[in-house]
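>>> Just a sequence and a predicted model for now, questions to come.
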Amino acid sequence: MNWRYIRGLPWVDSRAAFVARTPQGGRLLDLGTSDGSTLRHFAELRPDIRYAAVDLESPASLPAGAEFKRVDLEKGPLPWPADTFDTITCMHLIEHLRDSSVLWSECARVLKPGGSIYVETPGPLSLTARSVTGPAAGSVTMNFYDDPTHTSLVPLATMREDAERTGLTVRASGKARNLLFALAYPILAVFRPNTRSRYVAKLHWMGWSHFLVGAKPDE
């Protein structure tokens with residue numbers, strides 16, 4: 001789905017709702033950007049934003065003009081000065097880290113005063129979800145342990161403690177969803193039961209992930 005179609009209703013997606021609040025012409029840093037597909041969706045939603053991305057490996061494709069840096073986020077530091085970014089996104093990364101303390105402290109450092117961070121990670125429902133079987137097996141991580149690179153589940157309470165420890169104020173938290181995918185799930189479950197799209201929709205239907213939004217106080 002091209003995110004330009006939800007510019008007028010970003011509230012249908014947890015990530016889009018956060019990115020939409022970035023100031024006009026602001027700077028957004030995406031941590032653990034993987035193949036760059038999520039950042040490309042952000043650029044479809046907000047082409048005015050200046051983007052930067054971090055990962056251990058170069059992404060397949062990034063939005064035009066986006067800056068990329070290779071960083072080990074367990075060690076840091078981030079290669080930008082303090083007070084650089086208006087917003088930071090970090091999706092499905094911290095559950096892969098043995099220690100996320102450097103990540104949180106570096107995010108607090110490079111955020112501008114008044115800036116905010118969105119962190120998303122698998123929630124407790126991922127521990128009991130059944131793995132995908134049949135033709136779609138291996139296409140979607142339904143159970144937390146389907147991904148051997150996961151280290152441990154990170155509860156919302158831990159995320160809150162980590163954010164507050166670094167001086168961030170928690171503004172929001174809850175289950176991460178795209179409501180369009182969630183509403184499509186009952187239809188896909190009947191008519192396309194053995195497809196990846198059905199299982200992706202199920203993740204949103206059940207609220208498989210949770211998120212936290214933290215803000216850096218204004219000086």
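Sure thing, it's come through. Treat the numbers as computed from the prediction; the structure is a model and nothing was measured.
>>> Could you use CA atoms for every contact and neighbour count after this?
OK.
>>> Let me see the confidence value for the residue sitting nearest the centre point of the chain.
What sits nearest the mean C-alpha location of the chain, by CA atoms, centre = their mean, is M91, with 2.3 Å. Confidence at M91, expressed as pLDDT, is 97.
>>> looking at it, it is touching L29, isn't it?
No. Look at M91 against L29 with CA atoms under 8 Å: they stay out of range, at 11.6 Å.
>>> picking up where we left off before, show me what the residue nearest to the centre of the chain bridges to in the sheet.
E120 (DSSP bridges).
>>> any idea how far it lies from G8?
Distance, M91 to G8, by CA to CA, to the nearest Å: 23 Å.
>>> Please apply the same query to E44.
Counting by CA to CA - E44 and G8 are separated by 12 Å.
>>> More neighbours: these two, which one.
Shown here are E44 and G8; by other CA atoms under 10 Å, E44 has more neighbours (17 against 10).
>>> List the buried residues for the helix or strand that contains that one?
If you go by DSSP states H and E, E44 is part of helix 37-45. For helix 37-45, burial by neighbour count (16 or more other CA atoms under 10 Å) applies to T38, L39, R40, H41, F42, A43, E44, L45.
>>> Scan the chain for its longest helix.
Secondary structure assigned by DSSP state H gives helix 179-191 as the longest helix of the chain.
>>> So which elements touch whichever helix or strand comes after it?
Following helix 179-191 in sequence order, the next helix or strand is helix 196-206 (DSSP H and E). With contacts defined as 3 or more CA pairs under 8 Å, 6 or more residues apart in numbering; DSSP states H and E, the packing partners of helix 196-206 are helix 179-191.
>>> From the contact counts, what lies against the helix it packs on?
The contact analysis (3+ CA pairs under 8 Å, 6+ apart) places helix 179-191 against helix 196-206.
>>> just the angle between the helix it packs on and helix 179-191, please?
Angle of helix 196-206 versus helix 179-191, following axes from the mean of the first three to the mean of the last three CA atoms, to 10 degrees, is 120 degrees.
>>> Residues in contact with helix 196-206: which ones?
Helix 196-206 is contacted by residues 125, 132, 136, 139-140, 142, 176-179, 181-185, 188-189, 192, 209 when judged by CA atoms under 8 Å, 6 or more residues apart in numbering.
>>> same deal with stretch 208-219?
Contacts to stretch 208-219, defined as CA under 8 Å, 6+ apart, come from residues 108, 111-126, 156, 159-160, 163, 167-177, 203.
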